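Asks: predicted model, plus sequence, below.
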Amino acid sequence: MAPVRHPFPRRDVTTDDAGRVLNWARNAELAPAGSLVSATSEAEVSALLASRPGRVRVVGNRMSSGRLLAPVAGEVLLDVVGLRGLLARGDDWATFAGGTTMQEVYDVLAEHGRELPASPGVIAEQTLAGALATGTHGQGLQQSSIGDTVLSMRLVLADGTVEDFDADHPWFGALQLGLGSLGVVTAVTLRTVPGRILTCAKGASSAATLESDVVAWNRDHEMSKAWWFPEDERVHVWTAREATGAEVEEHRAGGGQLVERTERSTAMNEAVDAALAHMRADTRIVDSQGKPFRTVTRFKDFSDVTGDVYQVFMRGIATPQINVEIGVPLERAAAVVAELRAWYERTNPHLHYPIILRATGPSRAWLSPSHGQDTLYFGFVVYYAEDGSLSAEGAEFLVEVEKLLAAHGGRPHWGKYFDPDLYDWRSLYPRFEEFAAVRDALDPERVFLNAFTDRLFARSPVGAAA
């Protein structure tokens, strides 16, 4: 590939915040430390907004890229992680405070033998409100994003008033993925279903038939996830099913911990070793057991596992990275895989982590990348080097591959990295104008917007929502 000047930020590897509030990856400054205000109750949030302090940006555990919290002098950064915990529970629902981490949500549900009717994302440190704001999703065509499990939510609006919205509200599709631009989410009621034990079969195959395989895996199994190693033309695939009675008993006998089979496969070891060689050269991380390396070495000597949905799929290792994830219509998946393969063979780009493939069913959220359609998400990761820099070749790969997917009608994950100039939002999202109108109706003074969302929601001719 010809050299490309990449847009990704360098990571601050110092231990001194120097009066700044940084995001979790330390690659984006969110605000001066003096701008950060913490709230531990809905009443405190309401009082802050009623006093009209100017623009307000809401922050949780700071796991996103930072774009949705782009700093502007004089704004308030409102930390809501103190609003957390289970607020109420029924037979098939549970209400949590917006600042509750997803790990706590899952732990509480598991204690009561329940789960969400949506597969979890891989990282559990994010807050519930943050997961909804950015469209966090798992895998499986029979479900969609976490936002699609929401029955109702409670918001403090820009003027300090509090309002409840349920799934019958005409604006609910906007609230399910609001980009933090509609109000402060203080409580969320989620639909729950009986918890189950799953067995996840792990396999390895040639990527020669990936175009058809990736669709079949997702059509034939309730949940599926795959990692494509293009350099070796190998694919590591997980497919999950409900566990048999004997497998459930084995899980119970082990104290409810994840069961890993003793039969192990070395089928991915060669591809993993090649990826690790690239990663070591790119990151120059001295610790061979460092987090980036562990995200790949777990594919070596793999075995089938049995556990609940969170034990099986919530296996992410949080480590600073640039993560680009683009959802394309599932009907276009085969064509995109074929084009990616041809492009890879033609350009021999550099990457040190496999391409992640996850599918979901249609989402009701108006701004979800899977809104209205079965969607295959293509995920691309480049880890930071020890000194906070990025591999130039890896960054160039991300730039070019995003262009390819955007040309296929791809929709980017809002909480990850993307080039906004590649997308015509109004044509990508049929209800974009309706969202913008709802946004203006709930926050006419644009209190919850920032530099990025100002541009995204430039005043449209549609007018206020009905």
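Replies: Received, thanks. Numbering: from 1, shown residues only.
Asks: can we go C-alpha only for contacts and neighbour counts from here?
Replies: Fine.
Asks: next, the contact list for the residue nearest the centre of the chain, please.
Replies: Computing the C-alpha centroid of the chain and ranking residues by C-alpha atoms, centre = their mean puts T136 first, at 4.0 Å. T136 is in contact with 121, 145-147, counting by C-alpha atoms under 8 Å, 6 or more residues apart in numbering.
Asks: let me have the residues you listed in a markdown table, extended by distance to A187, pLDDT and secondary structure.
Replies: A markdown table is the format used below for the contacts of T136 (distance: C-alpha to C-alpha, whole Å; pLDDT from 0 to 100; DSSP: H, G, I helix; E, B strand; the rest coil):
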| residue | distance to A187 | pLDDT | secondary structure |
| --- | --- | --- | --- |
| G121 | 20 | 87 | coil |
| S145 | 18 | 95 | strand |
| I146 | 15 | 96 | helix |
| G147 | 13 | 97 | helix |
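Asks: report the buried members of these.
Replies: Buried members of the contacts of T136, counted by 16 or more other C-alpha atoms under 10 Å: 121, 145-147.
Asks: would A318 count as being in a strand?
Replies: No. Using DSSP: H, G, I helix; E, B strand; the rest coil, the assignment for A318 is coil, not a strand.
Asks: domain map for the protein?
Replies: What automatic domain parsing lists as the domains of the chain is 86-194, 197-417.
Asks: highest average neighbour count across those domains?
Replies: The highest mean neighbour count among those, using mean count of other C-alpha atoms under 10 Å, belongs to domain 86-194: a mean of 21.
Asks: first-to-last residue distance for that domain?
Replies: Counting by C-alpha to C-alpha, to the nearest Å, you get 18 Å between the two ends of domain 86-194.
Asks: tell me how far it lies from the chain's centre.
Replies: 14 Å (C-alpha atoms, centre = their mean, to the nearest Å).
Asks: same question for stretch 277-288.
Replies: 25 Å.
Asks: so what touches it?
Replies: Residues contacting stretch 277-288 (C-alpha under 8 Å, 6+ apart): 293, 351-353, 383-386, 390-391.
Asks: these in strands, which ones?
Replies: Members of the contacts of stretch 277-288 lying in strands (criterion: DSSP state E): Y383.
Asks: how about the strands in the stretch 201-350 of the chain?
Replies: 223-229, 234-242, 259-260, 305-308, 321-329 (DSSP state E, counting those that start in this stretch).
Asks: and the last one, which strands flank it?
Replies: It stands for strand 321-329. Next to strand 321-329 in the sheet, as set by DSSP bridges, lie strand 375-383 (antiparallel), strand 411-412 (antiparallel).
Asks: my guess is L30 contacts L69. True?
Replies: Yes. The criterion here is C-alpha atoms under 8 Å, and L30 meets it with L69 at 6.1 Å.
Asks: more neighbours, these two?
Replies: Ranked by neighbour count (other C-alpha atoms under 10 Å), L30 and L69 place L69 first, with 27 against 24.
Asks: that older thread, tell me which of the contacts of stretch 277-288 has the lowest pLDDT.
Replies: Lowest pLDDT within the contacts of stretch 277-288 is found at L351 (85).
Asks: residues touching it, list them.
Replies: 275, 278, 382, 393-394, 397.
Asks: could I get stretch 339-348 in CSV with only the CA atoms?
Replies: Taking C-alpha atoms only, stretch 339-348 is exported to CSV below (Å, rounded to 0.1, in the frame of the first residue of the first chain):
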residue,chain,number,x,y,z
GLU,A,339,-13.4,-8.4,-2.1
LEU,A,340,-11.4,-8.3,1.1
ARG,A,341,-9.6,-11.5,0.1
ALA,A,342,-8.8,-10.1,-3.3
TRP,A,343,-7.6,-6.8,-1.9
TYR,A,344,-5.5,-8.6,0.7
GLU,A,345,-3.8,-10.8,-2.0
ARG,A,346,-3.3,-7.7,-4.2
THR,A,347,-1.8,-5.4,-1.6
ASN,A,348,-0.5,-7.7,1.1
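Asks: does Y106 count as helix, strand or coil?
Replies: State at Y106, reduced to three classes by three-state DSSP: helix.
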